[in-house]
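1. coords please:
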Amino acid sequence: MNAFFLLALALAPGIAIVIYIYFSDKHEPEPVGLLMISFAYGILSLFLAIGISMVINVFITIHEDSIEEQAIHAFVIVALVEELCKFIFVRGILYRNKNFNEPFDGIVYAVMVGMGFATVENIFYVMTGGEVTAILRMFTAVPAHALFAVLMGYFLGKAKFTHRKVVYYSIIALLVATLFHGVYDYFLFISFVPGMWILAFISLILAFILSKKAMQLHQDASPFIVTKAEPSDGDLEQENTDDKSTGTGKV
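-> Modelled structure (predicted):
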């Protein structure tokens with residue numbers, strides 16, 4: 001298989017999701033340069049996660065056929081480490097940026113970081129696994145990272161713009177993303193148990209439903225929504241006067 005074709009397959013889902021999220025930011029789109037920087041933060045978060053996981057693996061051995069140990073693997077070694085590394089860049093850096101000025105921006109920046117992480121990770125998998133891996137991950141792993149990011153970003157948006165319970169919503173942002181990531185991975189890791197892999201996809205469907213609702217809620221909460229002004233009483237009186245003077249009074 002041509003390496004350039006595989007690279008294109010690896011890049012396609014992440015780029016498609018980035019474009020979708022950018023155009024979903026209807027009321028006050030973010031600077032493209034900052035979004036590119038956010039994507040780069042996601043790449044850095046991937047290498048940070050790899051480094052932390054390498055250290056953990058020195059001290060912890062996971063047996064592939066152990067249901068209990070695979071729970072630790074899924075929820076702690078993979079989900080918590082990866083989501084924490086993304087969270088560090090979104091909450092620690094982008095959250096403080098002046099362009100983070102509406103709730104939906106939490107979703108935008110979290111997804112950009114998530115896609116930086118997922119896209120480079122996807123390149124590694126696709127280049128070793130080939131076309132089948134590329135197609136499979138195009139509809140599973142990469143969108144999964146986007147869904148986890150939307151849920152994280154939703155609560156970070158609440159943390160910044162509710163002006164209360166900032167720490168609470170920040171912690172919830174990390175925990176919710178970790179929970180859904182862990183559930184998805186866990187049922188894949190124990191796929192040696194017949195039928196368990198189906199639950200992984202059910203968890204993604206639930207994450208998709210919640211993410212769609214989260215995006216709509218923050219879009220509706222934007223302070224940049226332009227609403228048509230209601231006519232004042234003076235305007236109505238002036239309209240009636242004009243109608244009478246021109247003989248076009250309404251019947």
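2. Residues in contact with the helix or strand containing residue 198: which ones?
-> Residue 198 is part of helix 196-220, with elements assigned from DSSP states H and E. The contact list for helix 196-220, computed with CB atoms under 8 Å, 6 or more residues apart in numbering, reads 24, 26-27, 102-104, 106-107, 140, 143-144, 146-148, 150-151, 154, 157, 180, 183-188, 190-191. All C-beta atoms are positioned from the backbone trio N, CA, C, and that covers glycine.
3. Take these and, keeping just the buried ones, write it as a ChimeraX select command.
-> Per 16 or more other CB atoms under 10 Å, the buried members of the contacts of helix 196-220 correspond to this ChimeraX selection:
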select :24,102,103,104,106,107,143,144,146,147,148,150,151,154,157,180,183,184,185,186,187,188,190
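4. Return the subset of the contacts of helix 196-220 lying in strands.
-> Per DSSP state E, strands hold no members of those.
5. re earlier: show me which positions of the helix holding residue 198 end up buried.
-> Those would be 199, 200, 203, 204, 207, 210, 211, 214, 215, 218, 219, for helix 196-220 by 16+ other CB under 10 Å.
6. now the helices for the stretch 151-251 of the chain?
-> Per DSSP state H, counting those that start in this stretch, the stretch 151-251 of the chain carries helices over the ranges 166-189, 196-220, 233-245.
7. got the buried residues for the first one?
-> Taking 16+ other CB under 10 Å as the basis for neighbour counts, the residues of helix 166-189 that come out buried are 169-170, 172-174, 176-189.
8. Just the CA trace of stretch 57-66, in PDB.
-> The C-alpha atoms that make up stretch 57-66 are tabulated as PDB, following Å, rounded to 0.1, in the frame of the first residue of the first chain:
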ATOM      1  CA  ASN A  57       4.500   0.200  32.600                       C
ATOM      2  CA  VAL A  58       7.900  -0.200  34.300                       C
ATOM      3  CA  PHE A  59       6.100  -0.700  37.600                       C
ATOM      4  CA  ILE A  60       2.800  -2.200  36.600                       C
ATOM      5  CA  THR A  61       2.200  -5.300  34.600                       C
ATOM      6  CA  ILE A  62      -1.200  -6.000  33.100                       C
ATOM      7  CA  HIS A  63      -2.200  -9.500  32.200                       C
ATOM      8  CA  GLU A  64      -4.300  -9.400  29.000                       C
ATOM      9  CA  ASP A  65      -6.700 -12.100  30.100                       C
ATOM     10  CA  SER A  66      -7.500 -10.500  33.500                       C
END
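9. Now do that stretch: distance to the chain's middle.
-> Relative to its chain's centre, stretch 57-66 lies at 29 Å (CA atoms, centre = their mean, to the nearest Å).
10. Which positions within that stretch qualify as buried?
-> Of the residues in stretch 57-66, residue 62 count as buried by neighbour count, 16+ other CB under 10 Å.
11. Count the neighbours of residue 130 for me.
-> 13 (other CB atoms under 10 Å).
12. Can you tell me how far residue 32 is from residue 116?
-> Relative to residue 116, residue 32 is positioned 14 Å away (criterion: CB to CB, to the nearest Å).
13. of those two, who's got more company?
-> When residue 32 and residue 116 are compared for neighbours, residue 116 comes out ahead with 26 against 9, by other CB under 10 Å.
14. Just give the nearest non-adjacent residue to the more buried one, would you?
-> Spatial nearest neighbour of residue 116, excluding adjacent residues (CB to CB, 6 or more residues apart in numbering): residue 42 at 2.1 Å.
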